[in-house]
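Peer 1: Sequence first, predicted coordinates after that:
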Amino acid sequence: MVGIGIIGCGKITQLRHAPEYLENPGAHIVGFFDMDAKRAEATAAKFGGRVYDSVVQMLADQDIDAVSVNVANVAHAEVSIAALEAGKHVLCEKPMAVTRDECEAMVAAARKAGKRLLIGHNQRLANAHVHARQMIAQGLIGKPLSFRTVFGHPGPECWTGKPDSWFLSKAAAHFGVLGDLGIHKTDLIHYLLDEPIVQVSAVLRTMDKRYTTGELVDVEDNALCLYETRSGVPGSMQVSWTFYAGEDNSTRIWGTKGLLRLYDDPKYSLIWEPNQGDAEHHRLDELTTNEDQNAGNRTNTGVIDEFIAAVSEGRPSVLDGEQALRAMRVVFAAEESARTGQRVNVAQDV
């Protein structure tokens, strides 16, 4: 049984981490910490466990083997590294951290401590994505030629229920939609094609999101990136917090043998359209939208199950920090490209 501490008691804890730990027979929630003590107390009353006065107190508890780090983006590295140095396994929410040095330091801390560091890139665990990766690896779509991936919804205030959510503050989040949704889709392309993105051109814009004061938010609410992988496959990634008409979380991969469509159809999560022959339609699963989760229609993301399995079995994970680091390098390059107006090369390890 893996003893769990959860640091941060916001929506991601309420709707994903805590319920999924309760559903996992190999996990036991020991307790919670939040800067808002009343929120921590309410969360502990709902899900069980004690409340800690500080992160330091939680990390000193020998009953805790692993922690979820669900705090504001700017604190991800500090809290995760402290937990790893205290001998705890870490599951950190995305984006991994807010600078490349911080991300590198997190990976180094995990290696030094001999502990698992996983990042919550749940799109790697979606059934249609897993199936698509296998199809591509087996050569069923031929040579990949290009891709298009999109993730947009009405914005984090719809998820958090707060019009001035910390997601909209550069001081707390650093990133806007690029770090919130773009990291998911960047990492997904790495996963599907099994090779890193090495060149980036990006445009970041704040188009419509405003604070309650009426001023535009100080982070981007739209991002458009042109990517190229190591083998030369070009593609686009569009992410947005201004898809007010409804969520889009889809991906298309074109290959020499046809088109692979993922989560772009309301009924079928994977559609394979070969150049010759009939299309194949697979109803594998559905991606849970923010609207669904707020309505209580939650599905298990698989992230907690993967974390507990990796910790219990002492094995590498598809969500390991080394994989997340590669995607973060691309995101930082996208920031540089948007700032300079230049195409940026991404230094990736082998």
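Peer 2: Right, received. Where do you want to start?
Peer 1: for this structure, which spans come out with low pLDDT?
Peer 2: For the chain, applying pLDDT under 70 flags the ranges 288-298, 350.
Peer 1: Show me it divided up by domain.
Peer 2: If you go by automatic domain parsing, the domain ranges for the chain are 2-121, 123-297+318-345.
Peer 1: which one of those is the most hemmed in?
Peer 2: Greatest average neighbour count among these goes to domain 2-121 (a mean of 20), per mean count of other CB atoms under 10 Å. In this view, the C-beta of every residue, glycine as well, is placed from N, C-alpha and C.
Peer 1: what about that domain, start to end distance?
Peer 2: 21 Å (CA to CA, to the nearest Å).
Peer 1: Just want the most central residue of the chain.
Peer 2: Here the mean C-alpha position of the chain is nearest to the C-alpha of His121 (CA atoms, centre = their mean), at a distance of 3.6 Å.
Peer 1: Spit out the contact partners of the closest residue to that residue other than its chain neighbours.
Peer 2: Residue nearest to His121 in three dimensions, not counting chain neighbours: Asp187, with 4.8 Å by CB to CB, 6 or more residues apart in numbering. Counting by CB atoms under 8 Å, 6 or more residues apart in numbering, Asp187 touches His121, Gln123, Arg124, Gln323, Ala324, Arg326, Ala327.
Peer 1: returning to that earlier point: and the domains of the chain: which comes nearest Asp305?
Peer 2: Distance to Asp305, taken as CB to CB, is lowest for domain 2-121 among the domains of the chain, at 5.8 Å.
Peer 1: one step back: that's a helix at the residue nearest to His121, yeah?
Peer 2: Yes. Counting by DSSP: H, G, I helix; E, B strand; the rest coil, Asp187 is part of a helix.
Peer 1: on that earlier part again, need the contacts of Asp187 in CSV with secondary structure and distance to Val30, can you?
Peer 2: Converted to CSV, those look like this (DSSP: H, G, I helix; E, B strand; the rest coil; distance: CB to CB, whole Å):
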residue, secondary structure, distance to Val30
His121, coil, 25
Gln123, helix, 29
Arg124, helix, 27
Gln323, helix, 28
Ala324, helix, 25
Arg326, helix, 32
Ala327, helix, 31
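Peer 1: how about those residues in CSV, adding distance to Val303?
Peer 2: Below are the contacts of Asp187 laid out as CSV (distance: CB to CB, whole Å):
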residue, distance to Val303
His121, 8
Gln123, 10
Arg124, 9
Gln323, 13
Ala324, 12
Arg326, 18
Ala327, 16
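Peer 1: which residues of the stretch 151-300 of the chain fall in strands?
Peer 2: Taking DSSP state E, counting those that start in this stretch, the strands of the stretch 151-300 of the chain run over residues 197-205, 222-229, 234-240, 251-255, 258-262, 270-274, 280-282.
Peer 1: in its sheet, what does the longest one sit against?
Peer 2: Within its sheet, strand 197-205 is paired with strand 222-229 (antiparallel), strand 344-345 (antiparallel), according to DSSP bridges.
Peer 1: Could you identify the most distant pair in the contacts of Asp187?
Peer 2: Pairwise across these, and taking CB to CB, the largest span is found between Gln123 and Arg326, at 14.7 Å.
Peer 1: Now render the domains of the chain as a markdown table, adding distance to Phe307.
Peer 2: What follows is the domains of the chain, written out as a markdown table (distance: least, CB to CB, whole Å):
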| stretch | distance to Phe307 |
| --- | --- |
| domain 2-121 | 5 |
| domain 123-297+318-345 | 7 |
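Peer 1: Quick check, Gly26 in contact with Ile308.
Peer 2: Yes. If you go by CB atoms under 8 Å, Gly26 and Ile308 touch, sitting 4.7 Å apart.
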